[in-house]
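1. Have a look; sequence and predicted model below, questions after that.
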Amino acid sequence: MTRYILRRLLQLIPVFFGTTFLIYVLVWAVPGDPFAGKCGQAACPQAYVDLMTQKFHLDDNIFVQYFKYLGDLFTGDWGETFNGNSVGELIGNSYPITLRLAVVAVAIEAVIGLTAGVLTGLRGKGFLDNLVLVSTTFLISLPVFVTAIVLQLVLGTELGIIDISVSDNPGFGELIVPGIALGSLSMAYVARLSRTSIAENRHADYVRTAIAKGQPRSRVVGVHLLRNSVIPVLTFLGTDLGTLMGGAIVTEGVFNINGLGGLIFRGIQNRESATVTGVVVLLVLVYLLMSLIVDLLYAVLDPRIRYD
Amino acid sequence: MRRSRRLWGSTVVVTTLSLALAACGGGAGSKAGAGDVDPDGSVSVYGTEPQNSLIPTNTNELGGTKAVQPMFAALVGFKGDSAQPYNLMADSITSADSKVYDIKIKQGWKFHDGTEVKAKNFVEAWNYGANAANGQLNSDFFSQIEGFDQVNPGKGKKPTAEKMSGLVTKGDYEFQVTLTAPFSVFSTKIGYTAFAPLPDVFFKDPQGFGDHPIGNGPMKFVSRAAGQNIKLTRYDEYKGEDKVHFKNLDIKIYAVQETAYQDLLSGKLDFIETLPPSAIAGGKYKSDLKENLVNGHLLGISTIAVPYYVPGYNNPDLRKAISLAIDRDQITKKVMNDTYVPADGYVSQGIPGYRPGVCKLCHFDPDQAKEYFKKSGFTGKLTIASNADGGRKEPLVAACNSIQNVLGVPCDFVPATDFGQWRSIVTGKKLTGMGRSDWSADYPSIEDFLNPIYKTGASSNDSSYSNPAVDKKLEEADGTADKDAAIKMYQQAEDLVAQDLPSIPVWDEKGVAAKSKNLKTGGLDFRRLGDYQSFQVLKK
């Protein structure tokens, strides 16, 4: 097991360098003048261009630029935006909010998705099964920004149940509706995944054995069936937490949440390359770590899986 | 750079009666108190993240100006409703020859940290802003002052002086400015925020100052959370006439304009200076807002540049044909839903020196257009290019259709991905057809509509227009000390431009803003900035 973990951690290194380099090049080396349009109808004054070129090492070769950036990154310096804010500080302020939002979304996915999946999986065909099938198809076909804007307009503007935008430092309560918008797509997948998994395992030998032993139904379902059926769902939820951190870009934009997604959203709008690079690098790290944790959880849930 | 997107509320919509009635909600017993103004109320306005540090010489876009403008008081202020300049911090500005200006400032004004505003605060701030070593965005605003080329010599050269020789402090409350050439509009130009004074503490730590700016304006800095908000509060010892009538200003930063608009409708946000395209479409904003609609008049003008360097475009008859083929009335009504009015000259309506109908060829006349087009002998395709976001595309597509229908020549809209890419095409002289060329004035003067756009080699001369007669007239006007005489000469220059049609004036933005039901009054100024002094908050 230890060897496996070590090997996986070592694999992270080339992946980290590869992705961060790609991001850096995509953000900074796009053709075109980074100062075009920054000063309205006229060109920027030369003095300003010179100062910023120096600050962001823009006259260096892209590889040199990248390694200078990495060097700063390893000393804990995420760089600065054009307006002099520390990107590290911006991330520090934003990530707890995004984490809260992601937790809300995952909780909604897990609770509603799993319940729907387990119920339909156990009962088989019928009204409930059809209802879940239709509603999940509906959710999957809707892009997140549509769900978010519809929820905002209907619940916020028309009915006045929720606030249209959340406060600067939102609590869990305020994040429920954005969480639903963010998690709706994955919730549908979770419901379908767990339904299939339960339906398959329901007729497995070990379930029949457990029933034959005379165990109560709640124990058969709750312990034997669920534990085995939940493995693929858990994988999905785990990687999804990573995806949600980035997928929140649209949702956070719509509900004006000051999380990492909102940070990228504004970064792209204002062409703040330093912010975009910094946050995406962080998301890469989160994603890599989440997939590692999920792989390790496999072994915990299913003793048959061995990694050596 | 010369494109501040701000404004002084030209029209304050006073809807006292209807608001008071609305506030009462029909309940006869609750009349007392409703409709009263709360002098210590709070106002929240729509904001975007400032793109630079909050220093006047480094702020040139709307997001930062919203905070910087109320924090600083320049020598000259502009009236909210008429954009008329008046002496704000200046006691007097005198000049015999429009070249040497003697400026006296009012005594007893204080910065928010309690130190007195003296002449040296202006001189040092201007020297700082001009110096190339500081890389300030607004450095070009100081380029007319003598000695600018020593502190800011241009690309690849090191400054040879720290201070501009044209600025001389003469005592605590007086200083003298010498320009390299006469410039009669200088006394209006110094109303731009970049000319604000900076306190002594700034020069000790400019970096730290950006995090906690200290100004001399009607509002002082409280706090700022990056990406979330900027909070200001009233500076009670302020002596200027543009005092504000509420206590706290909360500039709330939004990622999406639509969200801010929805917040405004629900009363969570009090003012937004521009409406999202989704609200303008179909005139939806009129029924959404009703009496909370705030009409202003922005000092700006939208034109379509017809660059001389594009093959076949150096043809006066073609220019005339295109101009006459655009149905401005229909487009401003149907496509822009009355947020713009048709333009009839090169100067925005409401500017001293504006004359209606200067452009003789800026109306819709299909027959004459066809005639001119025949005369031009132009063959091929016409295109209009622009960035397509923010509702820029639709009116230009309509203009193209109008041209195509009248002249029978194919006309296409060519989109650019964003404003940045769009401007790099224009400044790189890489247009392959016509292009959108919009202008917003930094200060309300006819000069700002001509010099930066139509002078040979000017910073925003998108058409690459060059007419020695225009250049000469403009120089003559710059050097005329008498204001009215100078305006006459600028008008003559405008007439010359209107004959050549280097760019085709199309429309003039009205400026449609919105306030919430919590505000009794709220205006919009010529820079597309909330006219804070007109804001009055209703008692809750």
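-> Sure, I can see it. Residues are numbered from 1 along each chain as shown, chains lettered A, B, ... in the order given.
2. Wait, B:G64 touches B:Q51, no?
-> Yes: using C-beta atoms under 8 Å, B:G64 is in contact with B:Q51, at 6.4 Å. In this view, the C-beta of every residue, glycine as well, is placed from N, C-alpha and C.
3. Can you work out which residues contact both of the two?
-> A:N83 (C-beta atoms under 8 Å, 6 or more residues apart in numbering or on different chains).
4. Counting neighbours, go ahead and name the busier of those two.
-> Under the criterion of other C-beta atoms under 10 Å in any protein chain shown, the comparison of B:G64 against B:Q51 puts B:G64 first, with 25 against 21.
5. OK, contacts around the residue most central in space within chain A?
-> The centroid of chain A falls nearest to A:L244 when counting by C-alpha atoms, centre = their mean (1.9 Å). Neighbouring residues of A:L244 by C-beta under 8 Å, 6+ apart: A:101-102, A:105-106, A:182-183, A:186.
6. Am I right that it falls within a helix?
-> Yes: judged by DSSP: H, G, I helix; E, B strand; the rest coil, A:L244 forms part of a helix.
7. what's the neighbour count on B:M434?
-> B:M434: 30 neighbours (other C-beta under 10 Å).
8. these two touch, right, it and B:V306?
-> Yes: taking C-beta under 8 Å as the definition, B:M434 is a contact partner of B:V306 at 5.2 Å.
9. which residues do these two both contact?
-> With contacts defined as C-beta under 8 Å, 6+ apart, the residues shared by B:M434 and B:V306 are B:313, B:322.
10. And B:Y285, how far from B:F246?
-> Distance from B:Y285 to B:F246, counting by C-beta to C-beta, to the nearest Å: 25 Å.
11. Quick check: the residue of the stretch 101-250 of chain B nearest chain A.
-> In the stretch 101-250 of chain B, no residue comes nearer to chain A than B:G135, which is 2.9 Å away by C-beta to the nearest C-beta.
12. Which parts of the stretch 201-308 of chain A are helices?
-> For the stretch 201-308 of chain A, applying DSSP state H, counting those that start in this stretch gives helices covering A:205-212, A:217-219, A:226-254, A:260-269, A:273-301.
13. Let me see the mean pLDDT of the shortest one.
-> Per-residue pLDDT over helix A:217-219 has a mean of 85.
14. count of neighbours near B:I251?
-> Neighbour tally, B:I251, other C-beta under 10 Å: 23.
15. so it touches B:V45, yeah?
-> Yes: counting by C-beta under 8 Å, B:I251 touches B:V45, with 5.6 Å between them.
16. which residues are common contacts for the two?
-> In contact with both B:I251 and B:V45: B:K66, using C-beta under 8 Å, 6+ apart.
17. Low-confidence stretches in the stretch 1-150 of chain A?
-> A:30-32, A:37, A:40-42 (pLDDT under 70).
18. Look at B:Y86 and tell me its secondary structure.
-> Looking at B:Y86 with three-state DSSP, the answer is strand.
19. give the contact list for A:P178.
-> A:P178 makes contacts with A:101, A:104, A:148, A:166, A:251-252, A:254-255, A:257, as judged by C-beta under 8 Å, 6+ apart.
20. Quick check: pLDDT value at residue 304.
-> Just going to use chain A. 73.
21. Actually, chain B is the one I wanted.
-> Reported pLDDT for B:I304: 94.
22. That one: neighbour count?
-> So B:I304, with other C-beta under 10 Å, has 26 neighbours.
23. residues in the stretch 101-250 of chain A within reach of chain B, list them.
-> Taking C-beta under 8 Å from any C-beta of the partner chain, the part of the stretch 101-250 of chain A that reaches chain B is made up of A:149, A:152-153, A:156-157, A:160, A:163-165, A:168.
24. Which members of the residues you listed are positioned in helices?
-> A:I149 (DSSP state H).
25. just to revisit the earlier point, tell me the one among the contacts of A:P178 nearest to chain B.
-> Of those, the one sitting nearest to chain B (C-beta to the nearest C-beta) turns out to be A:V254, at 6.0 Å.
26. Count the residues that sit near the closest one.
-> 27.
27. Likewise for B:S165?
-> 13.
28. likewise B:Q257?
-> A count of nearby residues for B:Q257, using other C-beta under 10 Å, gives 18.
29. Apart from its neighbours in sequence, what residue is nearest it?
-> B:P276 (4.2 Å; C-beta to C-beta, 6 or more residues apart in numbering or on different chains).
30. The one you found reaches B:D263, doesn't it?
-> No: counting by C-beta under 8 Å, B:P276 stays clear of B:D263, with 11.6 Å between them.
31. More neighbours: which of these two?
-> B:D263 (24 against 18).
32. how much space between A:V279 and A:V87?
-> With C-beta to C-beta as the criterion, A:V279 and A:V87 are 8 Å apart.
33. Just want to know which of those two has more residues nearby.
-> Neighbours were counted for A:V279 and for A:V87 using other C-beta under 10 Å; A:V279 has more, 28 against 24.
34. List the residues that contact that one.
-> A:87, A:91, A:260, A:263-264, A:267.
35. Check B:Q107 too.
-> B:91, B:173.
36. quick one on the thing from earlier: most neighbours per residue, which of the helices of the stretch 201-308 of chain A?
-> Stretch with highest mean neighbour count among the helices of the stretch 201-308 of chain A: helix A:260-269 (a mean of 25; mean count of other C-beta atoms under 10 Å in any protein chain shown).
37. Tell me which other helices or strands it touches.
-> Applying 3 or more C-beta pairs under 8 Å, 6 or more residues apart in numbering or on different chains; DSSP states H and E, we find helix A:260-269 packed against helix A:87-108, helix A:226-254, helix A:273-301.
38. Flag the shaky bits of chain B, pLDDT-wise.
-> Low-confidence segments of chain B (pLDDT under 70): B:1-34.
39. let's go with 80 and repeat that
-> Scanning chain B for pLDDT under 80 picks out B:1-35, B:81, B:154-156, B:389-391, B:417-418, B:420, B:540.
40. how does it divide into domains?
-> B:1-297+B:511-540, B:300-509 (automatic domain parsing).
41. if we compare the ones you listed, which one ends up closest to A:F236?
-> domain B:1-297+B:511-540 (28.7 Å; C-beta to C-beta).
42. Run the chain-centre distance for the closest one.
-> Relative to its chain's centre, domain B:1-297+B:511-540 lies at 11 Å (C-alpha atoms, centre = their mean, to the nearest Å).
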